[in-house]
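J.: Got a sequence here, can you build the structure:
(one chain, ligands or ions: 1)
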Amino acid sequence: MEVVLVTCALIFLDGKVLCAQRSDSMQLPGLWEFPGGKIEKDETPQECLVREIKEELSISIQVICPLKPNDHSYSIGKVIRLMPFVCIWQDGEINLLEHQSVEWVAKENLKSLEWAPADIPIVEDLFENWNIIQKQLVDKNTEL
Ligand SMILES: Nc1nc2c([nH]c(=O)n2[C@H]2C[C@H](O)[C@@H](COP(=O)(O)OP(=O)(O)OP(=O)(O)O)O2)c(=O)[nH]1
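T.: Predicted coordinates:
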């Protein structure tokens, strides 16, 4: 069974997370996701994420920690392993190079978006652990 490794970034700023809507030229058009992409040969998931976010949104991020990955099969014989990472915005202005739109979303609005099926368990996990993640980010900020 082929397992495709895909990273995605939960980028936090001011208590909201950045969500992106896939465009008509992408697979799963119109659905919401966390930006990211497939891991290339010889790169770590963290390197992949920094590269993808620069390519897709033209911003720099800092990768903080992983959350639980989710395996999802969109077609027979092929599994996507979606690997989420908590990240913070570091530098640059968002420029939509692939997605049709992005939104900074608060916890209470997370579940109202129409998510790509592979993201649903990740959104659940994020919702459940939202306050713990926020606290970790605040502690991290005071450390810096
Ligand atoms: N980046 C990302 N991809 C996701 C998410 N949820 C989800 O099902 N996917 C799927 C869509 C695609 O089938 C695959 C990732 O493909 P992609 O098109 O974003 O990645 P990529 O830029 O490296 O792909 P490519 O252009 O090289 O084909 O994972 C998500 O939250 N983020």
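J.: Please count neighbours and contacts with C-alpha atoms only from this point.
T.: OK.
J.: Can I get the longest strand along the chain in CSV, CA atoms only?
T.: Ranked by residue count under DSSP state E, the longest strand found in the chain is strand 78-91. These are the backbone C-alpha positions of strand 78-91, laid out as CSV (Å, rounded to 0.1, in the frame of the first residue of the first chain):
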residue,chain,number,x,y,z
LYS,A,78,-3.4,4.8,-1.7
VAL,A,79,-3.2,6.4,1.8
ILE,A,80,-2.4,9.9,2.7
ARG,A,81,-0.7,10.3,6.0
LEU,A,82,-1.5,13.9,7.0
MET,A,83,1.1,15.1,9.6
PRO,A,84,0.0,18.3,11.4
PHE,A,85,2.5,20.7,13.2
VAL,A,86,1.7,23.6,15.4
CYS,A,87,3.5,26.6,14.0
ILE,A,88,3.7,30.4,14.5
TRP,A,89,3.8,33.1,11.9
GLN,A,90,7.3,34.6,11.8
ASP,A,91,7.6,37.0,8.9
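J.: tell me what that strand is packed against?
T.: strand 2-13, strand 60-66, strand 70-75 (3 or more C-alpha pairs under 8 Å, 6 or more residues apart in numbering; DSSP states H and E).
J.: What residues of stretch 127-140 count as buried?
T.: 133, 134, 137 (16 or more other C-alpha atoms under 10 Å).
J.: Can you name the residues in contact with that stretch?
T.: For stretch 127-140, the external contacting residues (C-alpha atoms under 8 Å, 6 or more residues apart in numbering) are 15, 107, 110.
J.: Apply 10 Å and report the result again.
T.: Here stretch 127-140 makes contact (C-alpha atoms under 10 Å, 6 or more residues apart in numbering) with 12-16, 64-65, 67, 86-88, 106-108, 110-111, 121-124, 126, 141, 143.
J.: thinking again about what came up before, kindly indicate which of the buried residues of stretch 127-140 lies nearest the ligand.
T.: residue 133 (18.3 Å; C-alpha to the nearest ligand atom).
J.: would CSV of the helices and strands packed on strand 78-91 with mean pLDDT and mean neighbour count be doable?
T.: As requested, these are arranged in CSV below (pLDDT from 0 to 100; neighbours: other C-alpha atoms under 10 Å):
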stretch, mean pLDDT, mean neighbour count
strand 2-13, 97, 20
strand 60-66, 97, 17
strand 70-75, 96, 14
